[in-house]
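Peer 1: pasting a predicted model and its sequence here:
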Amino acid sequence: MAMAWVWAILVGVSVLFGAVNGRMGDVSRAAMEGAGAAVELALGITGAVCLWSGVMELMNRCGLAERLASLFRPLLRRLLPRASRDAETLSAVSANLSANLLGLGNAATPLGIRAARRMAQGCDGVASDELCRLVVLNTASIQLLPTTVASLRAACGSAASFDILPAVWVTSLLSVTAGLLTARLLGRIWR
Amino acid sequence: MSAVEATVFIVPCLLAGLAAYALCKKVDVYGALTAGAAEGLTVVLRILPALIALLTAVYMFRASGAMDALTALLSPVLRWLGIPPETAAILLIRPLSGSGALAAAGELMSHHGPDSYVGRVAAVMMGSTETTFYTVAVYFGAAGIRRSRYTIPAALAADLTGFAAAALTVRLFFGM
């Protein structure tokens, strides 16, 4: 539903501004252009998105996701000490994190949900601190290869579409740290 | 060689290294690649309708002059945070809709160029943040949580940090 509002507001405000600025002709042309540009954009990124989807599938079949997941376990035992006592939750969370890191979004969500379900047992609909932390981890994207946006850059004619990687890594680390720190701080006062 | 220049090695070496590793592990490299690529097609097909709807709206928004007004309105706050005001639309749409933000970023990149400062900041923002509200709704919905407590403020703090840090790191790594 949120998107219905966003779309209606964008279009409504455009018509309003178009009328006030006397640019209705431009707005009308832009509507048709936008729809066409969407198809061009989608076609432009299709090759790269498919290639990376194939690479991710290959990583998965090689067992890289599982190896990565086992690397996370010590970290997760500190971040989610209570949930980590349950072996199945720990394996679901670490698999969720490694899938996120490899950009396997379709695989990450079901794993994260399985972990969240187990962690929510017996808490009567109120999120525990550790469950909040798990969701914050998932809302702060930590991705080794942001392939979709790199595909978008390539489609727009970038000279080196992956040159943003170091900046993305540092930014992701800062943002996930800020999220977890805020969670820890708010957890003390927000019961 | 700087960290940024070294990134040109990542893709070719990753492809070759992964192929060699997979062959050693007796994984069918070609089969896995093509199966994954087929799945990629469905991903593109799934986001295409949303892209059509949202790029139409974003193009109208830009053409009407509303984008300039929004940019000007948010400019004092964003400048104070060190964020380029041109990215205002991405900031507002990103937590709500992934394809919406992709549409806004695509429009920005074709307008300013993917290798411009603004284009790079937009890309780093996209690569280091998530569709926050959607993710929270999916996880808590599935787990039967009614009181999410501080999850949304904490997640939005992470997003805001990501947006400000994106502007900072692009300046740092690219000297722009």
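Peer 2: Received the coordinates, thanks. Numbering: from 1, shown residues only, chains lettered A, B, ... in the order given.
Peer 1: can you check the pLDDT for the nearest residue to residue A:126 once chain neighbours are set aside?
Peer 2: Distance criterion CB to CB, 6 or more residues apart in numbering or on different chains; nearest residue to residue A:126, sequence neighbours excluded, is residue B:147 at 4.5 Å. C-beta: built from backbone N, CA, C; applies to glycine. For residue B:147, the model assigns a pLDDT of 91.
Peer 1: show the backbone phi and psi for residue B:147.
Peer 2: phi -110, psi 110 (degrees, to the nearest 10).
Peer 1: so what's it up against?
Peer 2: A:125-127 (CB atoms under 8 Å, 6 or more residues apart in numbering or on different chains).
Peer 1: scan these and report the most crowded one.
Peer 2: The most neighbours of any of the contacts of residue B:147, using other CB atoms under 10 Å in any protein chain shown, belong to residue A:127, which has 25 neighbours.
Peer 1: nearest residue to that residue other than its sequence neighbours?
Peer 2: residue B:145 (4.9 Å).
Peer 1: need the residue closest to the centroid of chain A.
Peer 2: Centroid-nearest residue in chain A: residue A:141, 4.4 Å away (criterion: CA atoms, centre = their mean).
Peer 1: helix, strand or coil for it?
Peer 2: Per DSSP: H, G, I helix; E, B strand; the rest coil, the secondary structure class of residue A:141 is coil.
Peer 1: from chain B, how far out is it?
Peer 2: Counting by CB to the nearest CB, to the nearest Å, the gap from residue A:141 to chain B is 4 Å.
Peer 1: I'd guessed that residue sits against residue A:100; true?
Peer 2: Yes. Assessed by CB atoms under 8 Å, residue A:141 is found in contact with residue A:100 at 7.1 Å.
Peer 1: next one: phi and psi at the residue lying farthest from the centre of chain A?
Peer 2: Distance from the C-alpha centroid of chain A, by CA atoms, centre = their mean, peaks at residue A:22 (39.4 Å). Main-chain dihedrals, residue A:22, degrees, to the nearest 10: phi 60, psi 40.
Peer 1: so where is chain A shaky, pLDDT-wise?
Peer 2: A:1 (pLDDT under 70).
Peer 1: could you pull out the helices in it for me?
Peer 2: With DSSP state H, the ranges of helices along chain A come out as A:2-21, A:24-61, A:64-79, A:81-84, A:87-101, A:105-120, A:129-139, A:147-155, A:165-189.
Peer 1: and residue B:102, which of those is closest to it?
Peer 2: helix A:147-155 (6.6 Å; CB to CB).
Peer 1: what lies in contact with the closest one?
Peer 2: The contact list for helix A:147-155, computed with CB under 8 Å, 6+ apart, reads A:41, A:44-45, A:47-49, A:52, A:56, A:103, A:161-162, A:164, B:102, B:105-106, B:109, B:114, B:119, B:123, B:126-127.
Peer 1: just the buried residues from those, in ChimeraX please.
Peer 2: Selecting only the buried entries of the contacts of helix A:147-155 in ChimeraX, with 16 or more other CB atoms under 10 Å in any protein chain shown as the criterion:
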select /A:41,44,45,48,49,52,56,103,161,162,164 /B:102,105,106,109,114,119,123,126,127
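Peer 1: measure the residue nearest to residue A:127 to residue B:136 for me?
Peer 2: 9 Å (CB to CB, to the nearest Å).
Peer 1: also residue A:187?
Peer 2: 16 Å.
Peer 1: comparing those two, which shows the higher neighbour count?
Peer 2: Shown here are residue A:187 and residue B:136; by other CB under 10 Å, residue B:136 has more neighbours (24 against 17).
Peer 1: the spatially most central residue of chain B and residue A:167, how far apart?
Peer 2: Geometric centre of chain B, nearest residue: residue B:126, 1.6 Å, by CA atoms, centre = their mean. Per CB to CB, residue B:126 is found 12 Å from residue A:167.
Peer 1: go on, residue A:113?
Peer 2: Taking CB to CB, one finds residue A:113 at 31 Å from residue A:167.
Peer 1: got the contact list for the lowest-mean-pLDDT helix or strand in chain B?
Peer 2: Within chain B, no helix or strand scores below helix B:3-6, which has a mean of 84 by mean pLDDT, DSSP states H and E. Contacts to helix B:3-6, defined as CB under 8 Å, 6+ apart, come from residues A:163, A:166, B:173-174.
Peer 1: between those residues, which is nearest residue B:140?
Peer 2: residue A:166 (33.6 Å).
Peer 1: mind listing what the closest one touches?
Peer 2: Contacts of residue A:166 (CB under 8 Å, 6+ apart): B:3-4, B:7, B:169, B:173.
Peer 1: out of those residues, give me the one that has the most neighbours.
Peer 2: In the contacts of residue A:166, the most neighbours by other CB under 10 Å go to residue B:169, 24 neighbours.
Peer 1: is that one in contact with residue A:173, as I believe?
Peer 2: No. At 10.0 Å, residue B:169 does not count as touching residue A:173 under the criterion of CB under 8 Å.
Peer 1: burial measure for residue B:76, as a count.
Peer 2: Residue B:76 has 10 nearby residues by other CB under 10 Å.
Peer 1: hmm, back to that, separation between the residue nearest to the centre of chain B and chain A?
Peer 2: Applying CB to the nearest CB to residue B:126 and chain A gives a distance of 4 Å.
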